[in-house]
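Chemist: Test case, fold it:
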Amino acid sequence: MLPFPIPLSMKARLYRLLFLAFSCGLIAFSLPLVADVLEPVGDKPTQAGIDAGRKSLESDTGLDEVPRQKALEQYAKAEQWLREATVAAAERARLAETVRTGPERVRKLRARSAEPSGEDSDKKIRALVASADLPRLEAAVREEQAILVEARKTYDRQVNILSDLTLGTRDISQEIDDKKAALEKIAAELNGLATEEPSPFSRARQVALKARKMLYREELSLLGLRQDNHNLLVELAQRERDQAQAQGARQGTRINALDKAAGALRGKQAAEARQEAERDTAQAAALPEALRAIADETARYRLELEELAEKEKTVSGALTAAKADLDRVAGDLERLRQRMAVVGTSRAMGEVLRARRATLPSPRGYRKDSRERGAELGRAIDRQIHIDEQLHDRETANDAVDRLLEEIDSDLREPEDVDPEEKAKELLQARRDALNELQKVYGIYIGEVTALELAEKKRVSVAESYVEYIDDQLIRIPDPGFRDLDPKAFPEALGWLFSPANWRILGADILALAGRYPVPVLLLAGSFFLFLGKRKQAEAKLMELSHDAGKIREYAFSYFLQAVGLTALLAVWPLWPAGVGYALTLSPSIEPFTLGIAWGLISAGLIGTGGLFLLRINLPDGLGGRHLRWSPPIREALLEELRWALPTVVALGVFLTIATPDSAPAFVWPIGRVAFVALMAVLLVLAYRLFHAGGQLMTVWRERVDTHANLLARLHFFWFPLLLSAPIGLGILSIAGYRTLSGYLLNGAEMTVWFFIGLFLAKEFLLRYLYIAERRLRYEEAVKKREELRAQRAREEDEPEGRDDSSALSSLVEIPEPDFEELGEQARRLIHGGFLFCAIIGTWFIWSDLVLSLGILNDPALPFHGAEAVNGIARDVPITLGGIIRALLLLVITVLAAKNIPGVLEITVLQRLELEPGGRYAFTTLTQYLIVGAGVIAIFDTLGMEWSSIQWLVAALGVGLGFGLQEIVANFVSGIILLFERPIRIGDVVTIDNTTGVVSRIRIRATTIVNWDQQELLVPNKDLITGRLTNWTLSNKVNRILITVGIAYGADVALALRLLEQAAAENIEILTDPAPIGTFEGFGDNALTLFLRCYIDSLDNFLSTKTALHRAINDKFNQAGISIAFPQRDIHLSTSRPLDVRMVSS
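Modeler: Okay, here's the model as predicted:
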């Protein structure tokens, strides 16, 4: 109201001005929408237009395939963007409606929250409880549970909306600016396309750009509407969330009341039924034995029903509490995530996170309770099955009555007013009713126990996710630094550590553990004393195995494994206190001091066992010296350093484990920080003493030329400072207050060190296996050759000329003591490649959680982009450092796999199959090609390089291949044909261009042929496919030896032919089928030409066999007096005139 009266005409003018102002404001607000509406219809892409463009492309026969595919990709993008624009428009309309009705909705929610709600429903619940109608109560419980589920869904939905609104305000302005900039770029590109000559691709590109423009405009409108009404939307979401939360709480209260009423009613009914059964039993005392037995059985069923009702009531209450706690933990986790996203990391938030972590449920009690619930569930299911069988197997009522009446004696002692038949029917019906009720209640009980197990399992799972989230956040949050520490905290912390009260609590917990698990504790103690009793025997056996380490035996590797097992057994005694610590952690309720001691015992046991194992390996008669043949200076250096470092590290580790966890009091943490820094100092000294340049390790490594150790020694300047910086950096982090981060890094470093030690020992054990296997194979081969030589001597003992082969035999069976470096190159490369592969994979698994939680790999986006398919549409995404590292990791894995997996297949599988060497080689080579192809595809996929993004590069390479690289491609394809068709194989004897040799390798470009002079001839694969080639061993390895002999004229030809055939028959390498044959085939200028044709089973002994035949023929012809002819010349002197003979002096 204005303070002065206004004439009617002025009021009319004022109303007109207000209406005009409102209209102008409405027009201004609607301009963006009007602009969209007034935009020409032809400028807006439609689904019909996109379909028409596709049909036009498909019907255009004169268009090349590549431009057609590019245009179709643009239409696919346009279709996707058009769908997204439709969704955005619908979302904008929904949000506009929410904004329009929001103030009224907020007002109603405020009023509803101020009023006491649910009175009508509460009256209804009280009426249901008072009705004592169990079916109605159970139906009401199901109805209220359905309402509770919907309330929880509404609550979760509103929490997500509120989270989006809260987090989106920080980036919404930047997103609006990005959308506007993108619209400007689209407009510029559309203007450029409008000036170009129309083409199918340009038209498709215009449609796609217009669809994207429409999408961005809808998104801009949506963002602007959300930004302008942010406060209203936040308040509305908060009110809806609070309303859903209150409704859920009310529903939970109603469900609890109904469950309690139903449980009480079941218990009351069970008690009444039991009392009735007891009355029936008392009344049946005067009845015959058969009827009295039925009454007693019914009474037992009623008593079981009453006990089951009490159990069901307890389980129902536990289920309600578990669901409530689950909702609390899940809601608290969601709220904490929202707060962390808004507030960020700070010391105050660190204290909040640690406080929340202390209140979370522990999985220790869940494991025990879960086992108990599983046993109870199994018992209940078995009982229900038994009841089902009883109900199913019961005879009909009439048959049962007749049977009972037959069992009753004629002199009935029941009262005269009791009808036996009616009483039997009554008792049988009562028993069946009791079984039916038990069946029903057992079904309810089993369902509730199962639901309780699922709720507890989900609760623990959510709690573990909560703990992981808190740990990830605490990594970034520092504690107070050393300057902020209170000096008075150190005496208090020491007092807590050495408090007699805490140690009394520890003793009480140990006694309680022994009382709770007496059998495992007795077994643990008994095994420890058994170990002490057998220790001397184990040491003696280990010494015996060490002295026998160099002998060649069939089961030598089993002896080595025994030595490994005995060494491990002698080093495991620290695991007994670790077992005590682990048992203490299983206690459902445990004090922080006891928990710290328990984890300290576990840590000390594991580190002590590993350290003692390393110590025993490096003893003079241990595995390292006797079996693995490690260098004595290295073993002595390790022994010297481990003897002082191991107890120091174990003691500081126990102290650190007790004083640093979040379960310990906060005033104890400074002591743990001091212990952490001291531990880092010890590790720094240990690393320096072991690996400094003048140490024994570096000296030995530098002396090992052409080994990996020598490479490490040459790179000492690089990795040694990094090694020393690790403990220094961890100590600095601890001093700065990053307790959680330094602890994570220390745990990761510890696991990495032990992983590499284990991997190195596994590699050494595998080398030992190969070493033993090689010695055994050499021995077996030597024995085999000796036996073959003896057999040959036995066959040749009738020959006049014998020769002593004792020296040859001795050289065959003499096996020198080989070193590890004498192993096969393939096996060594395989082992070292596997070591590197396992090292990379294991290191990634150890550090991946920390790396991903810190966002090291995903945050730094490189100035490169790859393609990622989203709903069938390729999107450009930045390539991150993580993508590059994963691609490099895949590259390393591909190289290692391509080099080593074929060798693994050759050693482990192919040699056990009946395959020729050529077939095995073809299989391994093709496997290598497949591995390389799969690795390249995986690397491209990791970098986002899809086929659509590299097809032009492939096309360009195809053109280049067609001109400059066609010979290389032809050779590669020919190599593939050779491997598949196999016209030549590894080991075949071939002749090409007058060169004969053995095929040794078939590579990508060329095939290697080794001739008889051990010269390697590289033949392009294309020549082997397109040229002329003789393969002497393609389908049959049998080959002919042709020997030409010329004898003098006048010699006995028949005898010579018999001698030729006899020489061939006496040679063990000559086949009898086809039989050797000698032929007389010509009169030469100087000799009679004879031929000997004989056959051998392979070309392996071709030259030696031919030499033996020549020697045998020569010896036989000499003995028979047959001369080998040689060229002769007759000189004729002219006698028509005197000869002119002159003597010339020199």
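
Chemist: just for the stretch 351-500 of the chain, where's the confidence low?
Modeler: 364-365, 393-401, 403-420, 480-487, 489 (pLDDT under 70).

Chemist: Next: the stretch 951-1100 of the chain.
Modeler: Low-confidence segments of the stretch 951-1100 of the chain, defined by pLDDT under 70: 951-969, 971, 979-981, 1004, 1035, 1100.

Chemist: ok, 90 please
Modeler: Residues of the stretch 951-1100 of the chain that meet the criterion pLDDT under 90 lie in 951-1078, 1080-1089, 1092-1093, 1095-1100.

Chemist: Strands along that one, start to end?
Modeler: Counting by DSSP state E, counting those that start in this stretch, one finds strands in the stretch 951-1100 of the chain at the ranges 989-992, 995-1002, 1006-1011, 1016-1020, 1030-1031, 1039-1047, 1077-1083, 1088-1096.

Chemist: want to try JSON lines for these, with distance to Gln158 and mean neighbour count as columns?
Modeler: (C-beta placed from N, C-alpha, C; glycine too.) Below are the strands of the stretch 951-1100 of the chain laid out as JSON lines (distance: least, Cβ to Cβ, whole Å; neighbours: other Cβ atoms under 10 Å):
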{"stretch": "strand 989-992", "distance to Gln158": "80", "mean neighbour count": "20"}
{"stretch": "strand 995-1002", "distance to Gln158": "69", "mean neighbour count": "18"}
{"stretch": "strand 1006-1011", "distance to Gln158": "72", "mean neighbour count": "18"}
{"stretch": "strand 1016-1020", "distance to Gln158": "73", "mean neighbour count": "15"}
{"stretch": "strand 1030-1031", "distance to Gln158": "80", "mean neighbour count": "13"}
{"stretch": "strand 1039-1047", "distance to Gln158": "89", "mean neighbour count": "16"}
{"stretch": "strand 1077-1083", "distance to Gln158": "103", "mean neighbour count": "14"}
{"stretch": "strand 1088-1096", "distance to Gln158": "91", "mean neighbour count": "19"}
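
Chemist: Next, format the ones you listed as JSON lines and append distance to Ala194.
Modeler: Output for these, formatted as JSON lines (distance: least, Cβ to Cβ, whole Å):
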{"stretch": "strand 989-992", "distance to Ala194": "66"}
{"stretch": "strand 995-1002", "distance to Ala194": "59"}
{"stretch": "strand 1006-1011", "distance to Ala194": "57"}
{"stretch": "strand 1016-1020", "distance to Ala194": "56"}
{"stretch": "strand 1030-1031", "distance to Ala194": "68"}
{"stretch": "strand 1039-1047", "distance to Ala194": "80"}
{"stretch": "strand 1077-1083", "distance to Ala194": "93"}
{"stretch": "strand 1088-1096", "distance to Ala194": "84"}
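
Chemist: so which of those strands comes closest to Pro665?
Modeler: Proximity of these to Pro665 was assessed by Cβ to Cβ; the nearest stretch is strand 995-1002, lying at 70.9 Å.

Chemist: can I have the closest one written out in CSV, keeping just the CAs?
Modeler: The C-alpha coordinates for strand 995-1002 follow below in CSV (Å, rounded to 0.1, in the frame of the first residue of the first chain):
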residue,chain,number,x,y,z
THR,A,995,74.0,-74.7,-54.7
THR,A,996,73.1,-77.6,-52.4
GLY,A,997,72.6,-77.2,-48.7
VAL,A,998,70.4,-77.5,-45.7
VAL,A,999,67.5,-75.1,-44.9
SER,A,1000,68.3,-73.6,-41.4
ARG,A,1001,65.9,-70.7,-41.0
ILE,A,1002,62.9,-69.2,-42.7
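
Chemist: Just give the strands next to that strand in its sheet, each with its orientation.
Modeler: Strand pairing for strand 995-1002, using DSSP bridges, gives strand 989-992 (antiparallel), strand 1006-1011 (antiparallel).

Chemist: is it possible to export these to TSV including distance to Thr86?
Modeler: As requested, the strands paired with strand 995-1002 are exported to TSV (distance: least, Cβ to Cβ, whole Å):
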stretch	distance to Thr86
strand 989-992	70
strand 1006-1011	61
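
Chemist: of all those strands, which lies closest to Arg347?
Modeler: It's strand 1006-1011; of these, that one is closest to Arg347 (Cβ to Cβ) at 68.9 Å.

Chemist: Show residues contacting stretch 374-394.
Modeler: Under the criterion Cβ atoms under 8 Å, 6 or more residues apart in numbering, residues 400, 432, 435-436, 438-439, 442-443, 445-446, 449-450, 453 lie in contact with stretch 374-394.

Chemist: what do you get if the cut-off is 7 Å, keeping everything else the same?
Modeler: When contacts are defined by Cβ atoms under 7 Å, 6 or more residues apart in numbering, stretch 374-394 is touched by residues 435, 438-439, 442-443, 445-446, 449-450.

Chemist: Quick check: the gap between the most centrally placed residue in the chain and Ile172.
Modeler: The structure's the chain has its C-alpha centroid closest to Phe845; by Cα atoms, centre = their mean the separation is 8.6 Å. Counting by Cβ to Cβ, to the nearest Å, the gap from Phe845 to Ile172 is 39 Å.

Chemist: Then Phe756?
Modeler: Distance, Phe756 to Ile172, by Cβ to Cβ: 49 Å.

Chemist: for Ser370, same thing?
Modeler: In terms of Cβ to Cβ, Ser370 sits 46 Å off from Ile172.

Chemist: how about Phe1117, what does it touch?
Modeler: So Phe1117 contacts 1059, 1124 (Cβ under 7 Å, 6+ apart).

Chemist: so which helix or strand takes in it?
Modeler: helix 1102-1120 (DSSP states H and E).

Chemist: which secondary structure elements does the helix of greatest length in the chain contact?
Modeler: If you go by DSSP state H, the chain has its longest helix at helix 739-795. Counting contacts by 3 or more Cβ pairs under 7 Å, 6 or more residues apart in numbering; DSSP states H and E, helix 739-795 is packed against helix 556-571, helix 669-691, helix 716-736, helix 806-813, helix 825-854.

Chemist: Of the contacts of stretch 374-394, which qualify as buried by neighbour count?
Modeler: Buried members of the contacts of stretch 374-394, counted by 16 or more other Cβ atoms under 10 Å: 435, 438, 442, 445-446, 449.

Chemist: Of these, which belong to helices?
Modeler: Here DSSP H is the test, and the buried ones among the contacts of stretch 374-394 give 435, 438, 442, 445-446, 449 as lying in helices.

Chemist: Dump those residues to JSON lines, plus distance to Ile931.
Modeler: Conversion of these to JSON lines gives the following (distance: Cβ to Cβ, whole Å):
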{"residue": "Leu435", "distance to Ile931": "66"}
{"residue": "Leu438", "distance to Ile931": "64"}
{"residue": "Tyr442", "distance to Ile931": "58"}
{"residue": "Tyr445", "distance to Ile931": "57"}
{"residue": "Ile446", "distance to Ile931": "53"}
{"residue": "Val449", "distance to Ile931": "52"}
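
Chemist: what's the closest of those to Thr657?
Modeler: The closest of those to Thr657 turns out to be Val449 (Cβ to Cβ; 37.8 Å).

Chemist: So the closest one versus Gln338, what's the distance?
Modeler: Following Cβ to Cβ, the distance that separates Val449 from Gln338 is 35 Å.

Chemist: tell me the domain boundaries of this structure?
Modeler: By the assignment in automatic domain parsing, the chain contains the domains 39-245, 287-407+420-474, 482-779, 855-964, 1039-1120.

Chemist: my guess is Leu656 meets Gly672, correct?
Modeler: Yes. Using Cβ atoms under 7 Å, Leu656 is in contact with Gly672, at 5.7 Å.

Chemist: hmm, which two among the buried ones among the contacts of stretch 374-394 are most spread apart?
Modeler: Of all pairs drawn from the buried ones among the contacts of stretch 374-394, the widest gap by Cβ to Cβ lies between Leu435 and Val449 and measures 20.6 Å.
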